[in-house]
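# Sequence isn't available, so here's the structure alone:
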């Protein structure tokens, strides 16, 4: 059997040297090629442009917070748009909305322009334009970047949303004003019907019953004595019906309001509430020198009546007061207070319900529509104080003429 030959000592020594050389050899891996200066500059410039665009969006977002007037918003949007351009000192912008145009101070027809429609309800109602008003120093025509066009398109979309929101607010405000006007007209129509019904009750039914009562009293002298007791019963019944008719007439539409004016009517109202419901009402009136038209006079009286009824039915008050006085030169103020259970005014006036707030909400809307103001002070367990202020007509003491 052949014996394997051993490796040559020279070969072994060479192998060991190679192994040691590899252990001592430094890492000679080829590093990646460094980025060129031009590429870094381009990236830095692009980053600067993106930062400017973000700052432009942030500025627009800040100006939208708390802004009310649409014109102010559009003008500030126009003023801030050039800052997002690559060459802001040459950039100009404008927004056209219907017949109005908002533009930067240096705006004239640009040589390079981006245009985006401002839409509302599926149709164009205006346009946003951004561009450059002059050439660069080397004579080249500046161009808008794709990212800038995208940004301006987004701004145009946001402006369209702002316009739509503003139109919705305008329509809502118009509808609310129409509703207030309709409510006021309905209230006056209701008051006229009340007045007509009260006159009919007084003139026709009341007087007819009074005449019947007189005739029955006359029959007592014509009929035998055995019929007198029955006649007296019928006469007493008719008298009671006459009193009920008179009371109903005052409840529907107190004649004193039309015949004597607001101050006597408020005094009568306090006495009526005390007499009918047992609530003591302290009434003090000093409103001389100011005249209210019929609509304001009726509305103020009905509001005071509503507040006193609230004190009886809901507040469970033990006493109430009414102060009617002149404020300034041509305003009449009424303050109605009670010591009842009180309530939280914002929850009842901003979110009215049938159980608590429709009366106060109605008073605020009707008085406000007629140019007046309603101020409510209340808290649970601390009573209620309502201040009603309405505009009147001042009477000159010398001539007796009425002036606003």
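Looks like it came in fine. Please read all numbers here as calculations on a predicted model, not as lab measurements.
# tally of neighbours for the residue lying closest to residue 303 once chain neighbours are set aside?
Residue nearest to residue 303 in three dimensions, not counting chain neighbours: residue 363, with 4.8 Å by CB to CB, 6 or more residues apart in numbering. Yep, even glycine has a C-beta here, placed from its N, CA and C like the rest. Number of residues near residue 363 (other CB atoms under 10 Å) recorded here: 24.
# OK, contacts around residue 164?
Going by CB atoms under 8 Å, 6 or more residues apart in numbering, residue 164 touches 120-121.
# what's the helix or strand for it?
For residue 164, the host element (DSSP states H and E) is helix 146-200.
# Could I get the average pLDDT for that helix?
The pLDDT scores in helix 146-200 average 85.
# same check, this time on stretch 300-311
Averaging pLDDT along stretch 300-311 gives 92.
# Correct me if wrong: residue 263 contacts residue 322.
No - counting by CB atoms under 8 Å, residue 263 sits too far from residue 322 to count as a contact (10.7 Å).
# so the residue nearest to residue 303 makes contact with residue 309?
No - using CB under 8 Å, residue 363 and residue 309 do not qualify as a contacting pair, with a distance of 11.6 Å.
# Which of the residues in stretch 247-257 are classified as buried?
249-250, 252-254, 256-257 (16 or more other CB atoms under 10 Å).
# Dump those into CSV; add secondary structure and pLDDT as well.
What follows is these, written out as CSV (DSSP: H, G, I helix; E, B strand; the rest coil; pLDDT from 0 to 100):
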residue, secondary structure, pLDDT
249, helix, 82
250, helix, 81
252, helix, 84
253, coil, 83
254, coil, 86
256, helix, 87
257, helix, 88
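# Could you report the neighbour count for residue 100?
Residue 100, neighbours per other CB under 10 Å, totals 12.
# Sorry, wrong one. I was asking about residue 284.
Residue 284 has 13 nearby residues by other CB under 10 Å.
# What sits closest to it if chain neighbours are left out?
Residue nearest to residue 284 in three dimensions, not counting chain neighbours: residue 323, with 5.4 Å by CB to CB, 6+ apart.
# quick one: that neighbour and residue 287 touch, right?
No - the pair residue 323 / residue 287 is not scored as a contact, 9.8 Å apart, by CB under 8 Å.
# Among those two, which residue is more densely surrounded?
Applying other CB under 10 Å to residue 323 and residue 287 shows that residue 287 carries more neighbours, namely 22 against 17.
# What separation do you get for that one and residue 331?
Applying CB to CB, to the nearest Å, the value for residue 287 to residue 331 is 10 Å.
# got it, and residue 222?
Noted for residue 222: a distance of 62 Å to residue 331, by CB to CB.
# who has more neighbours, those two?
Per other CB under 10 Å, whichever of residue 222 and residue 331 has more neighbours is residue 331, with 19 against 7.
# Any idea what the more buried one is bridged to?
residue 327, residue 391 (DSSP bridges).
# Tell me who's in contact with it.
290, 389-392 are the contacts of residue 331 under CB under 8 Å, 6+ apart.
# Looking at those residues, spot the one nearest residue 298.
residue 390 (11.1 Å; CB to CB).
# Assign a three-state SS to residue 119, would you?
The assignment at residue 119 comes out as strand when based on DSSP: H, G, I helix; E, B strand; the rest coil.
# any idea how far residue 69 is from it?
21 Å.
# More neighbours: which of the two?
Of the pair residue 119 and residue 69, residue 119 is the one with more neighbours under other CB under 10 Å, namely 18 against 9.
# Nearest spatial neighbour of that one, chain-adjacent residues omitted?
Closest to residue 119 by CB to CB, 6+ apart is residue 160, at 5.0 Å.
# Might you report the residue contacts of that neighbour?
Here residue 160 is in contact with 118-120 (CB under 8 Å, 6+ apart).
# returning to what we had before: possible to save the contacts of residue 331 as CSV with neighbour count?
Below are the contacts of residue 331 laid out as CSV (neighbours: other CB atoms under 10 Å):
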residue, neighbour count
290, 22
389, 19
390, 24
391, 17
392, 25
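# can you tell me which two in those residues are farthest apart?
Largest pairwise distance in these, by CB to CB, is 11.5 Å, between 290 and 389.
# Touching both of those two, which residues are there?
Counting by CB under 8 Å, 6+ apart, the residues touching both residue 290 and residue 389 are 331-332.
# rewinding a little: next one: the residue nearest to residue 119 from residue 230, what distance?
Counting by CB to CB, the separation of residue 160 from residue 230 is 86 Å.
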